[in-house]
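1. A structural model of the following input is requested.
(2 chains)
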Amino acid sequence: MPEALLLKPDRKFVEEVIDAGGGDLKKCYQCATCSVVCGLSNEPSPFPRKEMIWAQWGLKDRLISDPDIWLCHQCNDCSLRCPRGARPGDVMAAIRQKAIEHYAFPSVMGRLVNSARAIPVMLLLVPALLIAGALLVRGPIEAAFNYVDPHGHEFYAHFFPHWLLIAFYTSLTLLTFGGLIVGLFRFWGGMKANDAALGKGAPILGFIPSTIKALMALLTHDRFGSCTDQASRKPAHFMAFYGFIALFIVTTWAVIDIYVMPYLGVATLYPFGLLHPMKILANVGGVLLIVGAGRAILTRKSAPKDGYHQSTTFDWVFVWLLLLVGISGFIVEIFRFVAEGAAGAEAYASGFATPAYAFYFMHLVLVFGLLVYLPYSKFAHMWYRLAAMIYGEHTGRTGPGKQLVKVDLS
Amino acid sequence: MEKKLAVYLCRGCDIGGALDMSALKDVATDEYKIELCHEHDCLCGDEGRELIAKDVNDGVNSVVVAACSPRFMTDVFTFDNVLTTRVNLREQVVWSHEANDEDTDMMAQDYLRMGIVRGQQAELPEPLEEEVDRTVMVVGGGATGLTAALDAAAAGNDVVIIEKEAQLGGWMSKWAKGIPHEAPYTAPQALDIVDQVAAVEANDKITVHTGAVIEKVAGMPGQFDVTLKGNGSEPFRVGSIVQATGWKPYDANKLGHLGYGISADVVTNVQMEEMLAAGKVIRPSDGKAPERIAFIQCAGSRDQDHLPYCSGVCCRVSIKQALMVREMSPETEAYVLYKDIRSPGQYESCYQKAQEDTGIFFTKAEVTGVTNGGGSLKVAAEDTLLGENVQLEADLVVLATGMVPRSADGELIRQYVDAKAVVAKGEEGAQLENAKVQVEELAYLEDAEILNLTYRQGPDLPTFKYDFPDSHFICFPYESRRTGIYPAGCVRAPLDGQAAKEDGSGAALKAVQALEVTAKGQAVHPRWGDMSFPDFALQRCTQCKRCTEECPFGTINEDEKGTPQPNLTRCRRCGICMGACPERIISFKDYSPGIIGNMIKAVEVPDEYDEKPRLLGLLCENDAYPALDAAGLKRIQHSKWIRFVPVRCLGSVNTVWIADALSSGFDGVLLIGCKSGDDYQCHFIKGSELMETRSGNVQEKLKQLALEEERVQIVQLPLNEFEKLPEIVNEFSDEIEDIGLNPFKGF
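-> Below is the predicted model of the structure:
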C-alpha cells in the first residue's frame, strides 16, 4: 500500500503550464472522455486523464517524471472530444515543454532557449556572434599552428574552413549533448522514483529488448497511426524525421570522408558531385525535411481553434528552424554548383561569393539553433520520448492491445 | 326533491355494434321501469346533448349516461342541478371485451343496473356553507415567507407574518453575498432580501409580528383562530397558513470525525458565512489570515449515520465562499474536497469560474479524518480523483454542513403527549413501561411545537422521510396532510435562496386557492370542486374513535367521551372515515355504504349451474380507474367475469361491501389501490395501508364462512404500470376459477 500522497499544490507550476499552452487545463472535470478516446492510452491509470488532475493540483514532480506525457503523440483526439474544452492534448504538450526545461542541464539554458523574450538573442545574436568570433580567430589560429588547409580552395571552405566548422560545431554540440545525457539520466531516475512511490514499475522486459522495441516503434512511427482526426500528421513527421536522419548521415559521412578516409589511404571525394550517392541522399533528405516541415507548418497554421492543437512559440521555433535549415541548405548548395560551374574552383573570387557566403552564414546560424540547442528546444522531444518509450516497454506500460476502448470516431 | 330519472344509451365509438342494444334497453325499461330511455348514435354531439337537455328542461334531475368513461366528456354531460351517473360501456366493456358475446352483453347490463341504482339512490351534493376569512398567515419571515407574503398580498389577500426573531429576513439577511442568481451566474452576488423586507414593511395588506411564536391555532381552514405569545398581540383569525419555518444547520458537534471540536480552526459553512459577512476571514485559534482553506463537502450529508440526503446547496455555497475568499485575499488557496459537485443549471457557470481560478483546487474525495498537525490541520482523504489516498495541509477547514428542516412531527408529538399522560396517571402494567420508554425516546420533542394546532392528531404537520413535512412533491406540490396549511421553502426541502422564493410563491397561491374553493363549499386537492362532504349520524355513534384515528387529514377532533367532532373544511372528502366506521353512520350524499352496497347487489349473479363466476372489483378512482381506462384505450382485454365499482379511495371501502358481495354469491373480490410506502402514490396518503389493515378482519370473516382467503385480494398498482392491470385482473380471475365457485351462491 503506497503512502498517502501529501498534496502540496504548486500554483506557480500550474501557471507555468498554463502559460506554456495548457491554458484550459483547469476546466477538466475528470470525466475521462480523453482517456477513452485515446488510441494510445494505457491501463490502469490512463493518460491524459490523470495528468489533467495532477496539472490542476500543480503536482510538478509527478508530471515532469511521468513517462506517459511522452507516450502521447499529440493527435488531439482527446481535445476534440473533451466536453469541457480542457484541451488535454495541449496540456500534455505544455507539460512536455516544462519537462524539457526542467531536465535541461545547465538549467539556465532550458530557461533561456524557451523564453519568448530571449528568442532573438538566443537564436540569432548568440550564434551569429559566436560564428563571427570563430571566423575572427581562424587566421590567428592557422598562423599560430602554421596550418595550411588542404581544402582551403573549396568554395565554402575558403570562407569557413572545414576544420573550424567541425571544431566549432562538434565541440558545442557534444557539450550540450552531454547536458542532454545528464537530463535523460535524471528523467530515467525520476520515472523510477515516481513509479516506486506509487508501488508500480517493476521491470518486465530487459533494457536491450525494450530499446529495440522502442526503436522499432520510432522508426516505423506506428504510434502515430493511432491518430484519427489528424492522420496527416504522420506522413509530415515521418518525412521530417527521415529527412533529418539522412542529412545527419551525410554530414557524418562528410567528416569521415574528409578526415578519416585519407588516413585509410582512400582519397577524399569531398566535395561530392551531384551524382555521388551521398549527395543524392543529402538532396533527398533535404527535400523530405522541407516538405515534412512545410506540411507541418501548414497543418499547424490551418488548425481550427476547436480541439486541434494550438501551436506555441516552442513548436513554431522548432518547425520553422527545420524548414529554414532545409531551404537555406538548398540555396547554399545551388550557389555552390552555380559558382563552381561558372568560375571553377576559384569561384570565391567571383561575384557570387558575397551573397553565397551571406546565405552560408545564415545557414550556419540556423543549424546552430537546431543542433546546439537540441537538448533545450522542442527537438529534445525525440530523446525524451525515446527514453519514455524504452521505459514504457521496460515496465510494461505500453504496447499494442493495451487500449482501453476502441471508439469509432467517424 | 323527488327523483326523476332518465337513461341514455350511446351507440357511438363501437358500442352499438358490439352490444345487444335492445336487451340493454330492456334492463332500463322492463327491469327498472324507467320510462325515459333513449338511444343515440353520438350522445356527446350537439344533438345528443340537446336530447338530454330537453328532458332536463322537462324535469329530469338524475341522468344515467351509458357511454364512455366518466373521465371523458365530463363537461358535456354536466347539467345544473342534475345528478349525472356515468356508465362506462366504452373503455371498460366494448373496448376490453369480445364484441357480440353473451358475456359482454351481461357485463354491460350489470353496469347499467349499477348506474341506475346510483342514479336512483344518490343525491346531488349541496355546498358546505362556512364563513371563510381570506387572511393568509405566513409563519417565518425569511426569504420564503416574505415572498409568500408579498405574493398572497398581491393576490388581494390580507397577510399576517409571524417571525420569532426580532427582525425579518432570516438567514439570507445575515450573509454578505449569495450564490449568483442572475446572468452570467459567475460571481457571488449581493442579496436582495433587504428590498423584500422593505417591500413587506411598506405593504399595508401585510401585518408583521416579530419576536413572536404561536401559542395556539384553533379551528379549521377559513376559520383558524390564532393566539401568539411573545409580543402581546390580540388573538386574530386567518383562513390559511403557509409554514415557511426554514432550516437550521446540521449539528456540527456530531461531526467529530471531520475534526469539528478538535481545533477552533475547523468551522462550519455557517461560521464561514459569518466571517465573510464581517469582512475578515481568520483562523479562530490565532486570528491570523489562513493561507490554505480546505472545504469539506457533504460534511455529514449523504451519510447514513447523519443526514442521508443531499442538501443541494452546499456545493454552490462553498464555491461561492471560495470565490469570495480568493477575491479578498488572492494569495489564499482554497481546496474543495467533494463527493460530487452538484451545481445544476446555470450554477454550472459559477463552478466553472471557480474551477478556472488557479488558486482553487478541486477533487472528489472521501475525507477520512482531520487532525491537528504542527500549527496547521491535516486532512486525510481517500477515493480521490488523483487515484490515491491523499493528505492536505490546511490552516482553516470549512465543513459544508447540510440543512435540517425546522419542522415538528405533530403526530409524534401527540404520541409523546399521550405517553406522558399515561406516565402521569401511573397505573401499573406493561402499558406504563412502554410509555416510560416512549417518553424517554421522544423527550427531544418537548416544546418542539411550531404551529400548535388544536388537532386531535397532533399540534403540527406530520412529517415523513427525514423530518420534512409530508408532501409527494411531484404529484402533489406543497400539499401537506393538513388542509389549508402549506409548507414552503427549506422546511419542505433543502433549497437555495432563489428556489426557496419560488417555493414561497407556489405555496402562497395554494393558500389563496384553498380559501377561494373553501368559500365555494368545495373540496381542495385532490378532489377539487367536489361539493359532497361527510355526514355523521351521531346518534348511532359508539365512540369507537376509528374515524378520528384514521382520518389522514386530522379533520375530526373528539370530545372527552370520544364522540367525533368534524371540522368539515379540513376534510378532503376521501371517505376514509366512512370506510372505517363499523356502524356505517358516515355517508356522503352521492357516496355511502348504502349506495355502493346496493349497486353491488344490483349485479345479477348467475346461479351455480351457469358456471359463470362473478367477481367484484373495487377500483380506486384516482389511479386504478384511469389505468383501466388506459388499458381499454389500448384494447387490452380483461376478464369478462369481473364487475368494477369505482371508489374514492381504497381507504373508503367499508368491509360490509365485501361481506355482502360474498354472501350474495360473488366468487371473489379484488381491491385495487395506489402504491403505499415511502414513495406512496395514494392521493389520501394511507388508503391502501388502511385497507390492508382492515382486510385482516375480512380474512377472519372468510375463515368463519370457511371460504378460501384468496377470494379477497388487495393489489397496489403504481400508475406507470397501468398496462399490467388487465393481467392482474385476469390472474385473479383464473385463480378464482381454479378455486371454484362460491358455495354460498344461490342461498
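2. And the helix or strand residue B:275 falls within, what does it pack against?
-> Assigned by DSSP states H and E, residue B:275 belongs to helix B:269-278. Using 3 or more Cβ pairs under 8 Å, 6 or more residues apart in numbering or on different chains; DSSP states H and E as the contact test, the elements touching helix B:269-278 are helix B:314-328, strand B:396-401. The way it works is simple: take the backbone N, C-alpha and C, and place the C-beta from them, glycine included.
3. give me the low-pLDDT residue ranges for the chain?
-> Picking chain A for this. Counting by pLDDT under 70, chain A contains low-confidence residues at A:1-2, A:342-350, A:398-410.
4. wait, chain B
-> Within chain B, the ranges that satisfy pLDDT under 70 run B:1, B:471, B:746-747.
5. Repeat the analysis, applying 80 as the threshold.
-> Flagging of chain B using pLDDT under 80 yields the residue ranges B:1, B:427-428, B:470-475, B:678, B:745-747.
6. Give me every residue in it lying close to chain A.
-> If contacts are counted using Cβ under 8 Å from any Cβ of the partner chain, the residues of chain B sitting beside chain A are B:333, B:335, B:341, B:352, B:355-359, B:361-364, B:380, B:385-393.
7. Please produce a ChimeraX select command covering the buried subset of those residues.
-> Buried subset of the residues of chain B next to chain A, written as a ChimeraX selection, criterion 16 or more other Cβ atoms under 10 Å in any protein chain shown:
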select /B:333,335,341,352,355,357,358,359,361,362,363,364,380,385,386,388,389,390,391,392,393
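8. OK, contacts around the residue of the stretch 601-747 of chain B found nearest chain A?
-> Proximity to chain A, evaluated over the stretch 601-747 of chain B using Cβ to the nearest Cβ, is greatest for residue B:679 at 30.6 Å. Neighbouring residues of residue B:679 by Cβ atoms under 8 Å, 6 or more residues apart in numbering or on different chains: residue B:472.
9. How about the backbone phi and psi for residue A:58?
-> The phi/psi pair for residue A:58 (degrees, to the nearest 10) reads phi 60, psi 40.
10. one step back: so the residue of the stretch 601-747 of chain B closest to chain A, which of the three states?
-> Here residue B:679 takes the coil state, with states given by DSSP: H, G, I helix; E, B strand; the rest coil.
11. Repeat that for the one 3 residues further on.
-> Taking three-state DSSP as the rule, one finds residue B:682 in the coil state.
12. Next to chain B, which bits of chain A? Give me the list.
-> Taking Cβ under 8 Å from any Cβ as the criterion, chain A approaches chain B at residues A:2, A:4-9, A:11, A:14-15, A:18, A:26-27, A:29-30, A:45, A:50, A:53-54, A:56-57, A:59, A:198.
13. Number of residues surrounding the residue of the stretch 51-200 of chain B found nearest chain A?
-> Across the stretch 51-200 of chain B, no residue is closer to chain A than residue B:186, which sits at 13.7 Å (Cβ to the nearest Cβ). A count of nearby residues for residue B:186, using other Cβ atoms under 10 Å in any protein chain shown, gives 17.
14. That one against residue B:350, yeah?
-> Yes - at 5.7 Å, residue B:186 and residue B:350 qualify as touching, with contact defined as Cβ atoms under 8 Å.
15. list residues touching both of these two?
-> Taking Cβ under 8 Å, 6+ apart as the criterion, residue B:186 and residue B:350 both touch residue B:180.
16. how close does the residue in chain B sticking out farthest from the centre sit to residue B:586?
-> In chain B, the residue that sits farthest from the middle, by Cα atoms, centre = their mean, is residue B:374; the gap is 54.0 Å. Distance from residue B:374 to residue B:586, counting by Cβ to Cβ, to the nearest Å: 74 Å.
17. Taking chain B, what residue is nearest to chain A?
-> With Cβ to the nearest Cβ as the measure, the residue in chain B that lies nearest chain A is residue B:389; the distance is 4.1 Å.
18. What sits closest to that residue if chain neighbours are left out?
-> Nearest in space to residue B:389, with sequence neighbours left out and distances taken as Cβ to Cβ, 6 or more residues apart in numbering or on different chains, is residue A:4 at 4.1 Å.
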